[in-house]
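Student: Predicted coordinates and the sequence they were generated for:
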Amino acid sequence: MGRIVDAIDRVCRWGQRVLEGRAVRRLWLVGASLVAVPMLLVGCYQVVTLVAQEERVERRTVDAAGLTGVDVEGAPGTVRVIGVAGATTVEVRSRVRDGLRATGYRVFVRGDRLVVRSSCPNFGSSWCNVSSTIEVPSGLAVSVHGDGRIEVSDVQGGVDASTDSSSIVLSRVGGAVTATSDQGRIEGSDLTADAVVASADQGSIQLAFTVSPRTVEAEADQGSITILLPDQPGVSYATSVGADQGSASAPIRQDPGSDRAIAAHADQGDVTVAYVTG
């Protein structure tokens, strides 16, 4: 037993001498430098980008004569589009935030459509953001594609909206409507739209109509679907309603031969098609 203890003691003393040697100390210094230098560079970059950030407000007024629609492309922030009855111009107000490199922003006419385009640089874009409020004649068609929240109200010319990482909120919109969200809910209230297609990967869909639609298609992967219709006498629907992991109900007037159709399906969530109450 004593020999084992002596052997262990000798190994420990040898290890201590190795650790105290110059070569090992140099290795420790090199390793510490390899860790510290990248951390220092990251810290410096964050400070520089913080100091470099600036915010500016862009305003544009465009004559709506000859325009049939407005396209908002690549929006990284919140977009609000408001229809104004009787308006003869499109009013664009955007709050643009620049980082180490400038955020791309343009307003221009392409054919018969006004385009509001935003883009973030591939590098130095930590603070990149564009939030816009756009007032349009209510009869124009509106198309919005971006990463942030989308709000459209009082537009009767149709809406095509898609967002990668936020929600879509529609109020009092008409015409043909398409809404797609990867990570966020889709909500429509007081809808007069004739045809609606709504799709959400990770979020719920709720559509409430004040006028009976011609067709509604709704699909949700991880979320519930609720479609509320006005109880209009003599109006019935051909329906296809289902849920893989949830309940599905449609207590409305149904007719497989109707020229009005509602299709709603959820993978993980409940599906309800009903009349508006109250």
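Tutor: Ah, there it is.
Student: what stretches of the protein score poorly on pLDDT?
Tutor: 1-53, 123-125, 278 (pLDDT under 70).
Student: Quick one: the helices in it, in order.
Tutor: Assigned by DSSP state H, the helices in the chain fall at 2-19, 22-52.
Student: Would you mind measuring from the residue nearest to Arg97 when sequence neighbours are not counted to Ala161?
Tutor: Nearest non-adjacent residue to Arg97, counting by C-beta to C-beta, 6 or more residues apart in numbering: Asn129, 4.2 Å away. Where C-beta positions appear, they are placed from N, C-alpha and C, glycine not excepted. Distance of Asn129 to Ala161, computed by C-beta to C-beta, to the nearest Å: 19 Å.
Student: More neighbours: which of those two?
Tutor: Ranked by neighbour count (other C-beta atoms under 10 Å), Asn129 and Ala161 place Ala161 first, with 26 against 21.
Student: Make sure the more buried one is actually in contact with Leu170.
Tutor: Yes: if you go by C-beta atoms under 8 Å, Ala161 and Leu170 touch, sitting 7.5 Å apart.
Student: Now do the shared contacts for those two.
Tutor: Taking C-beta atoms under 8 Å, 6 or more residues apart in numbering as the criterion, Ala161 and Leu170 both touch 152, 179.
Student: tell me the contacts of Asp147?
Tutor: Contacts of Asp147 by C-beta under 8 Å, 6+ apart are 75-77, 163-166.
Student: actually Gly188, not the one I wrote
Tutor: Per C-beta under 8 Å, 6+ apart, neighbours of Gly188: 169-171, 173, 177, 179, 196, 198, 206-208.
Student: Check Glu55 too.
Tutor: With C-beta under 8 Å, 6+ apart, Glu55 has these contacts: 95-98.
Student: ok, now how distant is it from Gly175?
Tutor: Distance from Glu55 to Gly175, by C-beta to C-beta: 35 Å.
Student: Tell me how far Ala176 lies from Phe209.
Tutor: Distance of Ala176 to Phe209, given as C-beta to C-beta: 14 Å.
Student: Compare neighbour counts for these two and give me the winner.
Tutor: Between Ala176 and Phe209, counting by other C-beta under 10 Å, Phe209 is the more crowded of the two (20 against 16).
Student: filter the contacts of Glu55 to the buried ones?
Tutor: With neighbours counted by 16 or more other C-beta atoms under 10 Å, these contain buried members at 96-98.
Student: Pipe those residues into a markdown table and attach distance to Asp112 per row.
Tutor: Putting the buried ones among the contacts of Glu55 into a markdown table (distance: C-beta to C-beta, whole Å) gives the following:
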| residue | distance to Asp112 |
| --- | --- |
| Val96 | 26 |
| Arg97 | 31 |
| Asp98 | 31 |
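Student: who does the residue lying closest to Ser132 once chain neighbours are set aside bridge with?
Tutor: Computed as C-beta to C-beta, 6+ apart, the closest residue to Ser132 that is not its neighbour in sequence is Ser94, at 4.2 Å. On the basis of DSSP bridges, Ser94 is bridged to Glu58, Ser132.
Student: so who does Ser94 touch?
Tutor: Residues in contact with Ser94 (C-beta under 8 Å, 6+ apart) are 57-59, 105, 116, 118, 130-133.
Student: Identify, from those, the entry nearest to Gln222.
Tutor: Comparing the contacts of Ser94 against Gln222 with C-beta to C-beta places Ser131 closest, at 27.5 Å.
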